[in-house]
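[1] what's the 3D shape of this:
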Amino acid sequence: MNAKNCCVLIPSLSPDERLPQYVSQLLEGGFGGVVVVDDGSAREYQEFFDRIQTWDKCHVLHHEVNRGKGAALKTGYAYIEKNTEFDGVITADSDGQHTVKDTLNLASLLDEKEQCLLLGSRDFSRNSVQVPPKSRLGNRITSVVFQLFYGPRLPDTQTGLRAFVRGLLPFMQEIGGDRFEYEMNVLIRCAVVKLPMKPIAIDTVYHDENKGTHFHPIRDSWRIYKLLLGGFFKFMSASVMATVVDFALFTLLNAWVLPMFMQPVYLNVLGSDLRVVAATLGARAVSAVLNFKLNENFVFNLKKCRGAAGRYIILCVLVALVSGLTVGALSALLPTVSSTLIKIPVDVTLFLLNYRIQQDWVFKNRIQEEK
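    Residues are numbered from 1 along each chain as shown. Below you'll find the predicted structure:
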């Protein structure tokens with residue numbers, strides 16, 4: 001995509017001379033427009049915004065108070081969607097970390113016919129002397145956790161240099177989060193709806209070991225990791241809730257309801273009582289439906305997902321079979337070990353796999369289905 005068809009969006013809080021320098025270089029590079037969002041900067045910083053506002057192809061939006069980077073980005077998205085006709089949108093930071101060369105490269109890689117998110121990816125390897133140790137360690141941990149719970153391998157999860165086509169503007173505005181956690185939420189949502197994310201190598205630039213950043217290490221890291229791990233803990237909560245309902249319904253049916261209507265009937269299969277079997281199946285049917293709806297609406301937060309119910313049933317049957325066969329086989333190999341002890345690590349492993357399988361297959365959903 002030609003740079004003249006792209007708009008660069010820059011959220012900014014308390015900028016310095018690097019902001020107007022960067023905007024000027026972007027215009028010289030051929031970008032069709034630049035939108036800067038002043039996220040509640042104090043009066044002494046207004047001279048930078050006022051200067052930019054006077055330039056052709058530039059527009060400055062203002063928040064009266066600081067609302068956060070996510071809110072600033074969404075303010076810019078709304079303006080670009082309603083007031084411009086640019087085919088591509090590129091977000092960049094105002095602190096000089098993103099070079100015009102890299103910004104132009106992302107623009108050239110955009111294809112208006114392809115819905116994807118391009119991510120400017122810095123070099124966080126040990127060979128990169130530009131990266132402060134804390135930033136390198138933090139990004140590596142976040143990258144590993146993201147891949148573990150969501151699948152895609154993203155070398156740089158904290159990059160602010162991102163590019164996408166105009167058609168994704170409504171999607172980007174619907175994603176929750178107003179501060180630094182918004183950018184992580186975007187990555188999570190893209191992974192959930194299977195929107196391709198493509199890391200693009202960029203220069204690694206840090207000024208004064210990134211001391212000018214507005215990122216709060218404790219507060220903002222907590223928000224980010226709460227998002228990263230939130231889905232899995234929701235999955236655990238839904239499973240616990242379904243288990244409690246299953247146990248409670250089984251007890252109610254077996255001890256109170258069924259005895260009112262039927263006498264014990266023993267089957268020839270292991271001498272099982274028909275009432276126990278009926279109570280088990282009845283409770284499991286209700287708890288399975290509850291677990292499915294919780295996962296669909298609470299855990300994975302999908303509006304609609306075609307075929308999910310059928311895939312969920314198949315997965316439940318397969319997990320039960322794998323659990324039973326594995327525990328049985330290991331019990332035969334380890335006759336001195338209790339089957340209950342063997343079952344614990346087997347089912348914990350299956351639970352972790354279950355989460356990823358439900359995310360990637362049962363509740364698979366593409367962005368086209370969300371519209």
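
[2] Report how many residues lie close to Asn66.
    The number of residues packed near Asn66 is 17, by other C-beta atoms under 10 Å. All C-beta spots, glycine's among them, are computed from the backbone N, C-alpha and C.

[3] And what about it, helix, strand or coil?
    Put simply, Asn66 is coil when judged by DSSP: H, G, I helix; E, B strand; the rest coil.

[4] Pretty sure Asp39 is one of the things it touches, is it not?
    Yes. Using C-beta atoms under 8 Å as the test, Asn66 is close enough to Asp39 to be in contact (5.5 Å).

[5] which neighbours do these two share?
    The contact sets of Asn66 and Asp39 overlap at Leu13 (C-beta atoms under 8 Å, 6 or more residues apart in numbering).

[6] Work out for me the element Leu119 sits within.
    Assigned by DSSP states H and E, Leu119 belongs to strand 117-121.

[7] Give the pairing partners of that strand; include direction for each.
    Strands that pair with strand 117-121, judged by DSSP bridges, come out as strand 162-165 (antiparallel), strand 197-201 (parallel).

[8] among the ones you listed, which is the most enclosed?
    Using mean count of other C-beta atoms under 10 Å, the stretch among these with the greatest mean number of neighbours is strand 162-165 (a mean of 24).

[9] Average the pLDDT values over whichever helix or strand comes after that one and round to the nearest integer.
    Counting by DSSP H and E, the next helix or strand C-terminal to strand 162-165 is helix 169-174. Helix 169-174 shows a mean pLDDT of 96.

[10] ditto for stretch 113-130
    Throughout stretch 113-130, pLDDT has a mean value of 80.

[11] thinking again about what came up before, quick one: buried residues of whatever helix or strand comes next after the strand holding Leu119?
    Past strand 117-121, further along toward the C-terminus, the next helix or strand under DSSP H and E is helix 133-150. Buried residues in helix 133-150, counted by 16 or more other C-beta atoms under 10 Å: 135-136, 138-139, 142-143, 145-146, 149-150.

[12] tell me the average confidence for helix 133-150?
    80.

[13] how much space between Gln359 and Leu294?
    14 Å (C-beta to C-beta, to the nearest Å).

[14] If you count surrounding residues, which of those two has more?
    Neighbours were counted for Gln359 and for Leu294 using other C-beta under 10 Å; Gln359 has more, 22 against 18.

[15] Which residue, other than its chain neighbours, is closest to the more buried one?
    Phe300 (6.5 Å; C-beta to C-beta, 6 or more residues apart in numbering).
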